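Undergrad: sequence unknown, structure follows:
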């Protein structure tokens, strides 16, 4: 698998991201991940909607939890928008977290089995087999409208910038 040239650190140390980094204007590659009920879900299942992909390393960290809470709150205000929350956590851990937190506006997807999202979107951390933190926004036309790789994984994404792009697509 190819290495991409996006520079990201984890607690100050550089990590290697694998897969092709998408660019604004590209057609979004379809991918398959597992739902909370262990069913395969494809990006194309959400054709016709604006898709926000919230990418994070693990639901069991404070920053990842905060990221999911924030996107869940934002999703409550949006029509024809789906928030796909993607990590390599097992679907059980994602489901447990969302149930405990009352998060019902996001769709959790586990990339654990095949790493299909991570490799097609360039978020797979070679050293850790986790996903880097970031956001991808895809328009109803299936074109990528926004890509963020958070430069330091231990920091939160730029929610305001992401939500401005979403609102422009609505």
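TA: Now that the structure is in, tell me what you want to look at. Small disclaimer: the values here were computed from a predicted structure and weren't measured.
Undergrad: Number of residues surrounding residue 129?
TA: 12 (other C-beta atoms under 10 Å). C-beta here means a position set from N, CA and C on the backbone, and glycine is covered the same way.
Undergrad: same question, residue 111
TA: 25.
Undergrad: give the contact list for it.
TA: 33, 86, 87, 88, 117, 118, 131 (C-beta atoms under 8 Å, 6 or more residues apart in numbering).
Undergrad: Selecting buried members of those residues in ChimeraX, what would you type?
TA: One line in ChimeraX is enough to select the buried members of these, burial here meaning 16 or more other C-beta atoms under 10 Å:
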select :33,86,87,88,117,118,131
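Undergrad: Please identify which of the contacts of residue 111 is nearest to residue 51.
TA: residue 86 (10.8 Å; C-beta to C-beta).
Undergrad: Now do the same for the spatially closest residue to residue 10 that is not a sequence neighbour: its pLDDT.
TA: Leaving aside its chain neighbours, residue 10 sits nearest to residue 153 (4.5 Å; criterion: C-beta to C-beta, 6 or more residues apart in numbering). Residue 153 carries a pLDDT value of 89.
Undergrad: burial of residue 153, as a residue count?
TA: With other C-beta under 10 Å as criterion, residue 153 counts 24.
Undergrad: list the contacts for it?
TA: Residue 153 neighbours (C-beta under 8 Å, 6+ apart): 8, 9, 10, 11, 15, 57, 132, 133.
Undergrad: so what's residue 107 up against?
TA: Each residue near residue 107 by C-beta under 8 Å, 6+ apart is listed here: 35, 41, 82, 83, 84, 85.
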